[in-house]
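Asks: here's my sequence, what's the structure:
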Amino acid sequence: MSDLHFSGVVLPGGEGEFWVSDGVVHLSGPGGPATELRGFAVPGYVDAHCHVGIVENGEPDLVRGRALALQDVAVGVTVIREPGSDLDTSPLDGAPGLPRMVRMGQHIALVKRYTRGLGEQLDDPSQLVDAVRRRAAEGHPWIKLVGDWIDRAAGDLAPLWPDDVLAKAVEVAHDAGAQITAHVFGEDALPGLLAAGVDAIEHGSGLTADTIETMVEKGIGLVPTMIQIENFPSIAEPAREKFPVYHRHMMALHDRRKATFRAAWEAGVAMYAGTDAGGFNVHGALPREIEALATVMPPEEAIAAASWRARQWLGFAGIDDGTPADLVIYDEDPRVALAHGALPAPSAVLVRGELADLSR
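Replies: This next block holds a predicted model:
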């Protein structure tokens, strides 16, 4: 591929230019001819909650995982944080055109307290610490717990883990150099998880003023997966007759979702964009998630939550001299378009310096 020269607006800054040569960004021209690109450049997007190794029907495999990842690349995703998968997708690392992956291994849950057949499901909460120790030994930078799920005996969402066990599990993860996050829909599991010192919350639709304040004080990140929470009515509907309390609870969480996440944003919770693709949501949906975030925060902040701020959170560079060229290029200002309701389609996407096929 020939060298590229970009000139225009470089977010989050202003007017600027850079070159891409041998897959790397250069802030001064390397010399020689270059293909010209103009417009608006955004550091490559991060889908911070995206399951390449989970599919709604059938068994996942690497061929299907690669195809799903390419659907995400086509909308500008250059980094995927995969919060739980039964498929080891590490053989895809370094494959041409594929995003870099931040993995967590299998979810850790309890038998009959999570989706059947998914993740490592323990028989007893007392086994959590050893499960976290095993997961940390696998070398993943993050570990994921299922923090709450429907308790059929109680007929509603309920925490899975005692507070003392959580505290020890988080300590074990941190001592091993791993960060820990938790799936949480409702309110009741949040205080124990936050007190234990988790590093992030996935979904967080049950946040309250008190738990929002704790997240801000402790610097705990939030991946709200707003387009997944839009699915709560369809998730809850099959339980309407048998578990009416759960059904009403899920509907209430759904109905106040924008107010919840607007309050979190206004309080200063660090929020990041994630689609929860791999089940209810299709891959390539990150623009929808950014658009949803823009209903609770300013448009540029919604882009930041999927781009430079998310990259910094996970340890990836932006558009800097000598860094891999992860870029999304637009012909029009994405901030203005987003303020009017929708992101434009990118004119070009580069993954580690390679131009992606946007026809997928």
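Asks: Pro299 touches His340, doesn't it?
Replies: No. Assessed by Cβ atoms under 8 Å, Pro299 is found out of contact with His340, at 9.1 Å. C-beta here means a position set from N, CA and C on the backbone, and glycine is covered the same way.
Asks: the more surrounded of the two?
Replies: Set side by side, Pro299 and His340 show more neighbours around Pro299, with 21 against 7, by other Cβ atoms under 10 Å.
Asks: for the more buried one, list the residues it contacts.
Replies: Applying Cβ atoms under 8 Å, 6 or more residues apart in numbering, one finds that Pro299 lies in contact with 334-336, 338-339.
Asks: how far does stretch 334-346 stretch from one end to the other?
Replies: One end of stretch 334-346 to the other measures 9 Å (Cα to Cα, to the nearest Å).
Asks: what mean pLDDT does stretch 138-145 get?
Replies: Averaged across stretch 138-145, the pLDDT comes to 95.
Asks: just checking, what packs against the longest strand that the chain contains?
Replies: Across the chain, the longest stretch assigned as strand under DSSP state E is strand 34-43. Applying 3 or more Cβ pairs under 8 Å, 6 or more residues apart in numbering; DSSP states H and E, we find strand 34-43 packed against strand 3-10, strand 15-21, helix 308-314, strand 327-330.
Asks: go through the ones you listed and pick out the most buried.
Replies: Of those, the one with the most neighbours on average (mean count of other Cβ atoms under 10 Å) is strand 327-330, at a mean of 24.
Asks: which residues of the stretch 251-360 of the chain score low on pLDDT?
Replies: For the stretch 251-360 of the chain, applying pLDDT under 70 flags the ranges 360.
Asks: quick one: the strands in it, in order.
Replies: 327-330, 348-351, 354-355 (DSSP state E, counting those that start in this stretch).
Asks: what does the last one rub up against?
Replies: This means strand 354-355. 1, 23, 96-97, 348-349.
Asks: 7 Å instead, please
Replies: 1, 23, 96-97, 348 (Cβ atoms under 7 Å, 6 or more residues apart in numbering).
Asks: pull out the buried members of the contacts of Pro299.
Replies: The neighbour-count test (16 or more other Cβ atoms under 10 Å) marks 334-335, 338 as buried among the contacts of Pro299.
Asks: what is the nearest of these to Tyr272?
Replies: Of all these, Tyr272 sits closest to Leu338, with 16.5 Å by Cβ to Cβ.
Asks: is the residue lying closest to Val10 once chain neighbours are set aside in a bridge, and if so with what?
Replies: Of all residues not flanking Val10 in the chain, Gly16 sits nearest, at 4.1 Å (Cβ to Cβ, 6 or more residues apart in numbering). Using DSSP bridges, the bridge partners assigned to Gly16 are Gly8.
Asks: now swap in Ala109 and tell me
Replies: Beta-bridge partners, per DSSP bridges, of Ala109: Gln121.
Asks: from Pro125, how far out is Ile143?
Replies: Per Cβ to Cβ, to the nearest Å, Ile143 is found 16 Å from Pro125.
Asks: again with Pro346
Replies: For Pro346 relative to Pro125 (Cβ to Cβ), the value is 45 Å.
Asks: what does Asp47 give?
Replies: Taken as Cβ to Cβ, the span from Asp47 to Pro125 is 31 Å.
Asks: the more surrounded of those two?
Replies: Taking neighbours as other Cβ under 10 Å, Asp47 and Pro125 compare with Asp47 leading, 32 against 16.
Asks: and the more buried one, backbone torsions?
Replies: Per-residue torsions, Asp47: phi -100, psi 100 (degrees, to the nearest 10).
Asks: begin at 41 from now on, thanks
Replies: I'll keep to 41 as the first residue from here, and by that count the last item is Asp87.
Asks: so what's it up against?
Replies: Per Cβ under 7 Å, 6+ apart, neighbours of Asp87: 112, 117, 120, 313-315, 326.
Asks: buried residues in stretch 328-346?
Replies: Of the residues in stretch 328-346, 328-334, 336-337, 339-340, 342-346 count as buried by neighbour count, 16+ other Cβ under 10 Å.
Asks: on that earlier part again, and of the strands of the stretch 291-400 of the chain, who's closest to Ile148?
Replies: Per Cβ to Cβ, nearest to Ile148 of the strands of the stretch 291-400 of the chain: strand 388-391, 30.8 Å.
Asks: so which elements touch the closest one?
Replies: strand 367-370 (3 or more Cβ pairs under 7 Å, 6 or more residues apart in numbering; DSSP states H and E).
Asks: who's in contact with the strand it packs on?
Replies: Under the criterion Cβ under 7 Å, 6+ apart, residues 77, 79-82, 84-85, 116, 359, 384, 386-390 lie in contact with strand 367-370.
Asks: and the two most separated of those?
Replies: Ile359 and Pro384 (19.0 Å).
Asks: neighbour count winner among those two?
Replies: Ile359 (25 against 16).
Asks: can you pull up the most central residue in the chain?
Replies: Ala88 (1.7 Å; Cα atoms, centre = their mean).
Asks: pretty sure that one sits against Arg121.
Replies: Yes. Ala88 lies in contact with Arg121 (Cβ atoms under 7 Å); the separation is 4.5 Å.
Asks: Leu127 versus Ala176, what's the distance?
Replies: Where Leu127 is concerned, Ala176 sits at a distance of 20 Å (Cβ to Cβ).
Asks: same question, Ile260
Replies: 28 Å.
Asks: and Arg121, by the same measure?
Replies: Note on Arg121: its distance to Leu127, by Cβ to Cβ, is 16 Å.
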